Every structure is written in C-alpha cells, then in structure tokens.
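# the following block contains a protein sequence and its predicted model.
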Amino acid sequence: MSNETQSTDTRAGDRLVQVGAIIFFIGAVATLVTVAPLFLGTDPFPSIAYAVCMLMGVGFLVAAAGVLRSIADQRRRARAAMAAQAPAVTSAA
C-alpha cells in the first residue's frame, strides 16, 4: 500500500530533518558539557565551547527547513494528482 511505496521513495525534506536532528543533538551535548563546570565548581570552558552550543539553533533551523520542504513537496504532489484527476472527471460526465 502507500506505506510500502513510501519506504522506497525518499521524500524531499527527510534528509534535512535527519541532518538537523544530528546537529541539534551535537549542540545539546555541547550545552550540557558547557554548563557542567558551573555545577561542579571547576574552571569554565573557553568561549569556543559556547559557540558550539549554538549548533542547537542551527540544527533546529535545518530540521524546520526540511519540514517546510516536505510540506511543499506534498502540496505539489497533491496539486498534480488533482490536476490529473480533473480531466477524467469532466470527460466521464
């Protein structure tokens, strides 16, 4: 059924969502590592570690772009399917 064809067909934004999730996860781990010295009472990390924390936002934006791309692709496919069915409906009547 449609699930079987979906697994072999790659969607437009799926790769962006996956990459965005990986980037977000790296930023989340960096945030936890960067905040840890505040609780442990040790010396803070250099400022480049705080810059790596910004990957959370970048990953979120990449994943959101993938979702928007998937939405646009699904709308495009739905419009094409409606356009393909419209002449068949009018000629049958």
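Everything's here; your move. Numbering: from 1, shown residues only.

# helices and strands of this structure: which one bottoms out on pLDDT?
Using mean pLDDT, DSSP states H and E, the weakest-scoring helix or strand in the chain turns out to be helix 2-8, at a mean of 50.

# beyond that one, next helix or strand please.
Beyond helix 2-8 in the direction of the C-terminus, DSSP states H and E gives the next helix or strand as helix 14-40.

# can you tell me the element A80 falls in?
With DSSP H and E as the criterion, the answer for A80 is helix 55-92.

# other SSEs contacting that helix?
Using 3 or more C-beta pairs under 8 Å, 6 or more residues apart in numbering; DSSP states H and E as the contact criterion, the secondary-structure elements in contact with helix 55-92 are helix 14-40. All C-beta spots, glycine's among them, are computed from the backbone N, C-alpha and C.

# ok, then the element right after the helix it packs on?
Moving toward the C-terminus from helix 14-40, the first helix or strand encountered (DSSP H and E) is helix 47-52.

# so which elements touch that next one?
helix 14-40.

# tally up the residues packed near F60, please.
F60: 15 surrounding residues under other C-beta atoms under 10 Å.

# pLDDT at it, what is it?
F60 is assigned a pLDDT of 96 by the prediction.

# any regions of the chain where pLDDT drops low?
Counting by pLDDT under 70, the chain contains low-confidence ranges at 1-10, 88-93.

# measure the nearest residue to I71 once chain neighbours are set aside to G66 for me?
Sequence neighbours aside, G13 is the residue nearest to I71 in space, at 7.9 Å (criterion: C-beta to C-beta, 6 or more residues apart in numbering). Using C-beta to C-beta, to the nearest Å, G13 is found at 4 Å from G66.

# contacts only, for F25.
G59 (C-beta atoms under 8 Å, 6 or more residues apart in numbering).

# quick one: it and T42, what's the gap?
24 Å.

# with A28 instead?
If you measure A28 against T42 using C-beta to C-beta, the figure is 21 Å.

# so for the two, which sits in the more crowded spot?
Each of A28 and T42 has its neighbours counted (other C-beta under 10 Å); A28 has more, 14 against 9.
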